[in-house]
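Peer 1: fold the following.
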Amino acid sequence: MRMQAERFGTIFIDEEIIALGMEGLCKVIETSEGKYRAKSVIICTGAHPRRLNVPGEERLTGRGVSYCATCDGALYRDKVVAVIGGGDSAIEEGIFLTRFAKKVIVIHRRDELRAQKIIQERAFRNPKMEFIWNTVVQEIHGEVKVQQLELVNRQTKEVSMIDVDGVFIYVGILPNNELLESRIELDSAGFVLTDEYMHTNVPGIYAAGDIRHTVLRQVVTATSDGAVAAWSAEKWIIENYDAFEVNSAE
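Peer 2: Take a look at the predicted model:
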């Protein structure tokens, strides 16, 4: 994809972005090497899964620890996997995993799920799904891959171990919004609000992909957002190009 973009004249600059600001209609991107001015900006900073921050999680990520059942579910055919979380994403992805795994164990810190009732009912009816309540993961064990989860009951403080081949963590998604211009409108979770043209509330600034308030975060939806944002930005520049002058860099 990068090679294709370069053939069409795209310039890639590998510098750390420090801030995004505005000078009138002009957008100013400050980096570790200098400042760039642009007529329009498309924000594609993405998001990242909230981590449990327990021993073994980072070391075994990609070796049994996953944050995407759609991506990795097929690797666990006829295996035992755990799903951490109790919201819509956790339970929907847990149901999806039953297509492959022989058992899916949902571990939730509370005594009831937060997912929508209709999703809960589907999960409870699924014979491949089991539930462990009022429990959190204390440590993920394994040498070269996930082998066991060390659990602690939040009420009784009892510690237990379960054997699993993989663990899928769904305790939230965090937007990479630290550098966004302060005037950009966000939803309550910190994701960028846009219209159907990917336009934010700030003229000439667009957002695409996982940073955007959206119902699905997949590569296919992100690239679709990007295409719409690029088309919209080009159209906006054509309509407003004579309103200001822009220098490419300082």
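
Peer 1: can you list contacts of the longest helix out of those in the chain?
Peer 2: Ranked by residue count and defined by DSSP state H, the top helix of the chain is helix 219-240. Outside helix 219-240, the residues that touch it by C-beta atoms under 8 Å, 6 or more residues apart in numbering are 25, 39-40, 42, 44, 196-199, 203-204, 206-210, 212, 214. The way it works is simple: take the backbone N, C-alpha and C, and place the C-beta from them, glycine included.

Peer 1: strands - which of those residues land there?
Peer 2: 42, 206-207 (DSSP state E).

Peer 1: low-confidence regions, the protein specifically.
Peer 2: 242-250 (pLDDT under 70).

Peer 1: got the domain boundaries for it?
Peer 2: 2-48+175-243, 51-169 (automatic domain parsing).

Peer 1: let's have these in JSON lines, adding mean neighbour count.
Peer 2: As requested, the domains of the chain are arranged in JSON lines below (neighbours: other C-beta atoms under 10 Å):
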{"stretch": "domain 2-48+175-243", "mean neighbour count": "15"}
{"stretch": "domain 51-169", "mean neighbour count": "17"}
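
Peer 1: tell me how far Ile184 lies from Arg2.
Peer 2: 27 Å (C-beta to C-beta, to the nearest Å).

Peer 1: do the same with Asp187
Peer 2: For Asp187 relative to Arg2 (C-beta to C-beta), the value is 31 Å.

Peer 1: repeat for Tyr76
Peer 2: 31 Å.

Peer 1: want to try TSV for the ones in strands among the contacts of helix 219-240, with distance to Glu150 as columns?
Peer 2: What follows is the ones in strands among the contacts of helix 219-240, written out as TSV (distance: C-beta to C-beta, whole Å):
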residue	distance to Glu150
Ile42	44
Tyr206	45
Ala207	40
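
Peer 1: and of these, the nearest to Val80?
Peer 2: Val80 lies nearest to Ala207 out of these, by C-beta to C-beta, at 39.1 Å.

Peer 1: so the closest one bridges to which residues?
Peer 2: Ile43 (DSSP bridges).

Peer 1: so it touches Met198, yeah?
Peer 2: Yes: look at Ala207 against Met198 with C-beta atoms under 8 Å: they come within range, at 6.1 Å.

Peer 1: give me the common contacts of the two.
Peer 2: 42, 225, 229.

Peer 1: contacts only, for the first one.
Peer 2: The reference is to Ile42. 198, 205-208, 226, 229-230, 233.

Peer 1: could you export the residues you listed as JSON lines, including distance to Asp163?
Peer 2: Listed next are the contacts of Ile42 as JSON lines, based on distance: C-beta to C-beta, whole Å:
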{"residue": "Met198", "distance to Asp163": "45"}
{"residue": "Ile205", "distance to Asp163": "49"}
{"residue": "Tyr206", "distance to Asp163": "47"}
{"residue": "Ala207", "distance to Asp163": "43"}
{"residue": "Ala208", "distance to Asp163": "42"}
{"residue": "Gly226", "distance to Asp163": "42"}
{"residue": "Ala229", "distance to Asp163": "46"}
{"residue": "Ala230", "distance to Asp163": "48"}
{"residue": "Ala233", "distance to Asp163": "51"}
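
Peer 1: alright, I will stop here.
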